[in-house]
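[1] Structure of the sequence below:
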Amino acid sequence: MANTKSAEKAARQAEKHRTRNIALRSRMRTAVRNVTAAVAAGNKAAAEASYRTAVPVIDALVNKQIIHRNKAARHKSRLAARVRAMQ
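    Modelled structure (predicted):
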């Protein structure tokens, strides 16, 4: 329980940020899942298109400091490698 006015405000803001961050992380995971599903289906065109859609979503989370830049780089690198490995 917050003891001061500023602590109460900080608690309210933290809750807003938390819900927004959850939604943004979910959007990123969905984008990654779409690329993975396209790769699993063997559809290279769809995989490349979903990869191009996923990269800006991942980069946006880095800019908002929701995920670490190394985690974003790891996701993008692994997805790109899987798309490249398709015939």
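
[2] residue ranges with poor pLDDT in this protein?
    Regions of the chain meeting the criterion pLDDT under 70 are absent.

[3] In this structure, where's the longest helix?
    When every helix of the chain is counted residue by residue (DSSP state H), the longest turns out to be helix 5-41.

[4] what residues are up against the one residue sitting closest to the centre of the chain?
    The chain has residue 28 as the residue nearest its centroid, 2.6 Å off, counting by C-alpha atoms, centre = their mean. Neighbour list for residue 28: 54, 57, 58, 61, 67, 75 [criterion: C-beta atoms under 8 Å, 6 or more residues apart in numbering]. C-betas here are computed from N, CA, C, even on glycine.

[5] Out of the residues you listed, name the two that are farthest from one another.
    54 and 67 (13.0 Å; C-beta to C-beta).

[6] So if I had to pick from those two, which one is more boxed in?
    Summary of the neighbour comparison: residue 54 and residue 67, criterion other C-beta atoms under 10 Å, with residue 54 having more neighbours (23 against 19).

[7] quick one: the more buried one from residue 84, how far?
    Here residue 54 is placed at a distance of 15 Å from residue 84 (C-beta to C-beta, to the nearest Å).

[8] Name the helix or strand for residue 78, please.
    Remark: residue 78 resides in helix 69-84, with elements defined by DSSP states H and E.

[9] what's that helix in contact with?
    28, 32, 35-36, 39, 44, 47-48, 51, 54-55, 58-59, 61-62.

[10] so which of those residues comes closest to residue 4?
    residue 61 (31.8 Å).

[11] Number of residues surrounding that closest one?
    By the criterion of other C-beta under 10 Å, residue 61 has 20 neighbours.

[12] show me the contacts for it.
    24, 25, 28, 67, 72.

[13] Give me the nearest residue to it, chain neighbours excluded.
    Leaving out its chain neighbours, the residue that sits closest to residue 61 by C-beta to C-beta, 6 or more residues apart in numbering is residue 67, at 4.7 Å.
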